[in-house]
Structure formats: C-alpha cells, structure tokens
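Chemist: compute the structure for the input listed below.
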Amino acid sequence: DLPKKAQLLPDEVAKLAAHNLFLQGTPRGATGSSSSGVQWWNEKELMETWSLRLPSMSRGYAPRTELLRGIAISETGSAADAAAKDMETANGTGVPQDAQTKTVQWQYFPEAGLPLVPSMRIKSMFAVRDVWSLEDAMPYLAKFVVGSEKEGGARDILGKYAKAISVTKKDGSGKDISVTKYMALAK
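Modeler: The predicted structure is shown next:
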C-alpha cells in the first residue's frame with residue numbers, strides 16, 4: 001500500500017541543499033581556497049546563495065543558521081578574519097571589506113564524514129578547531145550519547161578527551177557570563 005501523497009520537509013531539504021552548496025559552490029570572492037586550504041563562506045553570502053538553491057517549498061521559508069549544526073562550523077573574529085584576509089590578499093584588494101564589523105564565516109565540516117570511534121572523532125574535531133563549546137560539539141557527539149541527558153553525556157565524552165576551561169564573556173546585555181569550553185589534551 002503506497003501513500004496517497006508525499007510531503008517535503010522544508011528543513012531537511014534545506015540541509016541537503018546546504019551540503020550541496022558547500023560541496024559544489026564557491027564563495028563569490030574566492031579565487032581558490034585560503035592559505036590554510038580551507039574554503040570559508042561569509043555568512044551573508046552563504047545565506048543568500050543557500051536561499052537561491054532551495055525549491056519553492058512553502059511561502060516565506062528561509063533557511064536558518066541553526067540548520068547548519070552538524071553540517072558546518074562557524075568562526076567569528078580571529079579565524080574568520082584571517083580567512084577573509086587571505087581571500088582579500090588573493091583577490092588583490094588587500095583592504096578589509098568592513099573593518100568595523102566582525103564577520104561570521106562558515107566552513108563545511110559534516111558530522112557524517114567524521115570517524116565513528118569517539119576518540120578519533122574528537123581528535124578530528126580538534127584538528128579543525130582548537131576550542132569547542134559544548135553547544136558547538138553536540139551535533140558531532142550526539143550519536144555517542146544515549147538517554148535523555150544528552151548534554152551531560154557529551155560533557156562526559158569531552159571531559160575524557162579534552163580539558164575544560166572557563167571563559168568569561170559578555171552577553172547581549174553587557175553582563176559577564178561564564179562559559180565552559182574544551183581544549184584538546186596536550187600529548
């Protein structure tokens with residue numbers, strides 16, 4: 001017995017389109033990859049290009065950055081600025097597009113492409129980023145955590161293979177908040 005009708009799941013279609021964009025697309029400003037060999041997308045350009053690749057699924061649908069969890073990682077500031085600077089140098093401009101604004105850059109880092117052994121997966125994660133927050137690491141560790149306490153399980157896995165550090169930063173209202181991040185254990 002076949003179903004009488006099929007329905008597209010817009011978020012799942014958007015995730016598939018994001019994979020396709022990272023695999024086949026090239027940022028407009030790029031003449032190649034940065035000096036580190038990594039392709040970074042400016043968030044504004046990524047969102048525009050991603051939206052254009054989506055079929056007309058439902059009125060007013062727009063992809064959201066939270067859909068990229070487990071597909072790509074983002075950097076704000078230093079790593080993103082370095083990637084942008086590499087791109088500007090490659091383009092011959094040598095001048096930042098907007099020196100006052102911290103840009104967010106995205107790099108393809110699919111969860112499905114990582115090893116299935118937790119220690120090797122974490123080693124792969126720390127090979128692309130020196131410091132991970134629990135929130136950023138969750139999509140990459142979720143398959144190793146069972147039960148309802150997903151965050152606690154991911155925290156335990158990170159605690160086994162990484163060093164927890166406490167970082168103080170400002171929240172949206174300017175108040176100091178403490179955030180735990182994880183660094184690879186020194187070998």
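Chemist: residue 167: how many residues sit nearby?
Modeler: When neighbours are counted by other Cβ atoms under 10 Å, residue 167 registers 11. For the C-beta atoms, the positions are set from N, CA and C on the backbone; glycine is no exception.
Chemist: for the nearest residue in space to residue 114 that is not next to it in sequence, what is the enclosing helix or strand?
Modeler: Setting aside the residues directly before and after it, residue 114 is nearest to residue 121 in space (Cβ to Cβ, 6 or more residues apart in numbering), at 4.8 Å. Using DSSP states H and E, residue 121 falls within helix 118-128.
Chemist: mind giving me the packing neighbours of that helix?
Modeler: If contacts are counted by 3 or more Cβ pairs under 8 Å, 6 or more residues apart in numbering; DSSP states H and E, helix 118-128 sits against helix 134-141, helix 150-161, strand 176-184.
Chemist: mind checking the pLDDT average for the last one?
Modeler: Just to be clear, that refers to strand 176-184. Mean pLDDT, strand 176-184: 82.
Chemist: show me where the chain dips below the pLDDT cut-off.
Modeler: 29-37, 57-58, 78-101, 148, 186-187 (pLDDT under 70).
Chemist: which residue ranges form the helices in this protein?
Modeler: 10-24, 43-52, 78-91, 118-128, 134-141, 150-161 (DSSP state H).
Chemist: residue contacts, the spatially most central residue of the chain?
Modeler: The chain has residue 73 as the residue nearest its centroid, 1.6 Å off, counting by Cα atoms, centre = their mean. Shown in contact with residue 73 (Cβ atoms under 8 Å, 6 or more residues apart in numbering): 106-107, 109, 128-129, 136.
Chemist: could you rerun that using 10 Å?
Modeler: Each residue near residue 73 by Cβ atoms under 10 Å, 6 or more residues apart in numbering is listed here: 79, 105-109, 125, 128-129, 132, 136-137, 139-140.
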